[in-house]
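>>> Predicted model, plus sequence, below.
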Amino acid sequence: MRIIDADGHVLERDIPWADLLEAPYRDRAPKAVKDNRGFTFVMMEGKLTPKPVGKACSFVGAPRSHHPQATTGMTDPVVRLKDMDLEGIDTAVLFGTSPFLSLPFVEDKDLASAVARVYNNWLAKYCSADPRRLKGVAAVAIQDPVEATKELRRAVTELKFVAVAAPPVSASKKNLDDPDLYPFFAEAEKLNVPVCIHVGAGDGVPAATERFDHPLYTHAMAHPFEQMIATLCVVCGGLLERFPKLKFAFMEAGCGWVPYWMERLDEHYEILQPTVPWLKKAPSEYMKSGQMFYAFEMEEKMLPYVAEFVGSERLVFATDYNHSDSKFPHTVSEVMERKDLTDGLKAKIMGENAAKLYSL
């Protein structure tokens, strides 16, 4: 059985940004800093990222490890490959941490684009340790759709990345169904790479951080609430109709919310169908289609039901290596030891579906 981690992380905060950025941006380069408790953040535009939250802000700050080697693997690909061997993971698809998750919310879009270029080059070098097993996801400054489209093209054609990350909303305050983003999605469709919707827990999650200043509240809400909004825009905004070959993946929110959201959107579609004339079928049909994928959590009791209700081909395995809520080094075994999942279902959700998502 092939095991593919559809969402693992690297840790890029200690890149020598000031040395690698283009000259006009070096004096504003991201900088790793420690607060008075010793927690590490990245400073950009005079702001700490991830946004410190409450008394336990370390939970959404620097990744902490349950295993002494794990954080090292986020910066050292040789160590990471050993960790993958320990878990039995064949291929890992890699997202960043900080400033990766914060780039879309940087007010200076030119600075954000410059940082994205440096990050993508660094990630390509990281993946070069074993390009067969380590696959990069492009960072782009989505608040500048023109430059984001250009960098997406470079990351895929030159750096051989397999996907691009995008948030539900950015510093531009534009949702995913904004027409200004159509050229970006058209390029992703042309390149045959998925758009992976991914947020952090301290930046760009207005559903959480604009209302609360408590780490439990913000972390619990950030991913599922923003992913529901993103799904609303992708489906009801008509993106799947406009870009029929483009795939979307919704990361790090679990999958239990998907059936509820499908039914609620269907209910509103029945009532308000004339307001969305561009839709040719009910929202649930789009959400069950081959264009939509959802990353599940290993311990979700609803997993067998969601696989049946939404479709076993729609779910992908993700370790979140090695952020604070990762189960490393037991992410694979926790799923494989479950008695409520058939071997056939395990084969799909642990690797086959991700292979289709990322064209691996």
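Perfect, thanks for sending it.

>>> Name the SS class of the residue lying closest to residue 252 once chain neighbours are set aside, please.
Spatial nearest neighbour of residue 252, excluding adjacent residues (CB to CB, 6 or more residues apart in numbering): residue 223 at 5.0 Å. All C-beta spots, glycine's among them, are computed from the backbone N, C-alpha and C. Following DSSP: H, G, I helix; E, B strand; the rest coil, the label given to residue 223 is helix.

>>> Residue 223 and residue 255 touch, don't they?
No. With contact defined as CB atoms under 8 Å, residue 223 does not count as touching residue 255 (11.4 Å).

>>> ok, the residue nearest to residue 252 to residue 136 distance?
Per CB to CB, to the nearest Å, residue 223 is found 22 Å from residue 136.

>>> ok, which stretches of the stretch 251-360 of the chain are strands?
292-296, 315-317 (DSSP state E, counting those that start in this stretch).

>>> Of residue 223 and residue 136, which one has the most company?
Higher neighbour count among residue 223 and residue 136: residue 136, with 28 against 24, using other CB atoms under 10 Å.

>>> Tell me what that one is bridged to.
residue 94 (DSSP bridges).

>>> so it touches residue 124, yeah?
Yes. Between residue 136 and residue 124 there is a contact at 6.1 Å, judged by CB under 8 Å.

>>> Overlap of the contact sets of those two?
Common contacts of residue 136 and residue 124 (CB atoms under 8 Å, 6 or more residues apart in numbering): 159-161.

>>> Got a quick ChimeraX command for the buried subset of those residues?
Here is the ChimeraX selection string for the buried members of these, based on 16 or more other CB atoms under 10 Å:
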select :159,161
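
>>> Need the shared contacts of residue 136 and residue 124 in a markdown table (columns: pLDDT).
Output for the shared contacts of residue 136 and residue 124, formatted as a markdown table (pLDDT from 0 to 100):
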| residue | pLDDT |
| --- | --- |
| 159 | 99 |
| 160 | 99 |
| 161 | 99 |
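
>>> what's the distance between residue 187 and residue 179?
Using CB to CB, we find residue 187 at a distance of 15 Å from residue 179.

>>> between those two, which one's more packed in?
For residue 187 versus residue 179, neighbours defined as other CB under 10 Å are more numerous around residue 187 (19 against 10).

>>> Doesn't that one belong to a helix?
Yes. Remark: residue 187 belongs to a helix, assigned using three-state DSSP.

>>> Contacts only, for it.
Applying CB under 8 Å, 6+ apart, the residues contacting residue 187 are 149, 152-153.

>>> Not counting its neighbours along the chain, what's nearest it?
Nearest residue to residue 187, sequence neighbours excluded (CB to CB, 6+ apart): residue 149, at 4.8 Å.

>>> thought the one you found was touching residue 184?
Yes. Between residue 149 and residue 184 a contact is recorded at 4.8 Å, counting by CB under 8 Å.

>>> So between the two, which is more surrounded?
Between residue 149 and residue 184, counted using other CB under 10 Å, residue 184 has the larger neighbour count: 23 against 20.

>>> Now do the more buried one against residue 260, distance only.
29 Å.

>>> Go ahead and flag the most central residue of this protein.
residue 198 (3.0 Å; CA atoms, centre = their mean).

>>> pretty sure it is in contact with residue 230, am I right?
No. In this structure, residue 198 is not within contact of residue 230 by CB under 8 Å, at 9.7 Å.

>>> What ranges does the stretch 251-360 of the chain have for its helices?
With DSSP state H, counting those that start in this stretch as the criterion, the stretch 251-360 of the chain has helices at 257-272, 283-287, 303-310, 331-336, 343-347, 353-358.

>>> May I see the shared contacts of residue 136 and residue 124 organised as JSON lines, with secondary structure and distance to residue 119 added?
Below are the shared contacts of residue 136 and residue 124 laid out as JSON lines (DSSP: H, G, I helix; E, B strand; the rest coil; distance: CB to CB, whole Å):
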{"residue": "159", "secondary structure": "coil", "distance to residue 119": "11"}
{"residue": "160", "secondary structure": "coil", "distance to residue 119": "15"}
{"residue": "161", "secondary structure": "coil", "distance to residue 119": "11"}
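
>>> any low-confidence regions in the chain?
The chain contains residues with pLDDT under 70 at 37, 50-70, 201-204.

>>> Tell me the span between the first and last residue of stretch 271-285.
17 Å (CA to CA, to the nearest Å).

>>> which of the residues in the helix or strand where residue 233 lies are buried?
Residue 233 is part of helix 215-236 when elements are defined by DSSP states H and E. When burial is assessed from 16+ other CB under 10 Å, helix 215-236 yields the following buried residues: 215, 218-219, 221-236.

>>> next one: stretch 276-284
Result for stretch 276-284 [16+ other CB under 10 Å]: buried residues 279, 282-284.

>>> Tell me how many other residues crowd residue 275.
Neighbour number of residue 275 under other CB under 10 Å is 10.
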